[in-house]
Each structure stands twice: as structure tokens, then as C-alpha cells.
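Here is my input; please provide its structure:
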Amino acid sequence: MNAQLIVVALVVGACAVYAAWTLAPRALRRHVATALLRRTWPVGIARFLERQAGTDDGCACDGCDVGRAKAKTTARGEARPITFHPRPPR
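Below you'll find the model as predicted:
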């Protein structure tokens, strides 16, 4: 086989896996991540899978503000501050 064909096949395969993971429903990703955690993985991949397996929220945030979100948790009815993020200059 040609080396170029092998490289192209690997890139296309990686893109297909990425697209399937990104477009999959949250429940399916959580189930797959939990199943994959039964094996031994490098530290970076294991952290990613643990983060995916442990999220139960229904938002599409994917953990972008995990540290501050827990600190802002209040009882029902209490006012919570809103944080506005300005757009970067063009």
C-alpha cells in the first residue's frame, strides 16, 4: 500500500470518529465514555473520558465553566449574578 493512502485513511478515520462523537447525544457519549473507562488509558484520555462520563447536566457547555459554576450554586429563588463576556476586538 502507498504511504499516502495510509495517512489519508488515518485522517479520514479520525475525522469520522470526531464527527460521530460530537454529533452523538449526551446520553450515548456518557455511556460510551463509561464503557471505555473500564480499560487503562493514558492520563489525558482518561481525564477526558471521566469528564464525559460524569456530566449529568443538560446544557451544551461541556464543562467550560465547571470551577465557577459550583461556586455560584444558590438555593432556589436567590438572585445570581450574570457574567457578560465582551467580544474580542477584530
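
quick one: low-confidence parts of this protein?
For the chain, residues meeting the criterion pLDDT under 70 lie at 55-77.

So which residues of it form helices?
Counting by DSSP state H, the chain has helices at residues 3-23, 26-36, 43-54, 66-71.

Tabulate those helices in a markdown table, adding columns for distance to Pro81 and mean neighbour count.
Any C-beta I mention is one placed from the backbone N, CA and C, and that applies to glycine too. Output for the helices of the chain, formatted as a markdown table (distance: least, C-beta to C-beta, whole Å; neighbours: other C-beta atoms under 10 Å):
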| stretch | distance to Pro81 | mean neighbour count |
| --- | --- | --- |
| helix 3-23 | 31 | 10 |
| helix 26-36 | 27 | 14 |
| helix 43-54 | 25 | 13 |
| helix 66-71 | 11 | 9 |
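
Take those and write them to a markdown table, including distance to Arg90.
As requested, the helices of the chain are exported to a markdown table (distance: least, C-beta to C-beta, whole Å):
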| stretch | distance to Arg90 |
| --- | --- |
| helix 3-23 | 27 |
| helix 26-36 | 33 |
| helix 43-54 | 32 |
| helix 66-71 | 27 |
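
For Arg80, find the nearest of those helices.
Arg80 lies closest to helix 66-71 among the helices of the chain, at 10.4 Å (C-beta to C-beta).

And the helices of the chain: which comes nearest Arg87?
Closest to Arg87 of the helices of the chain, according to C-beta to C-beta: helix 66-71, at 19.9 Å.
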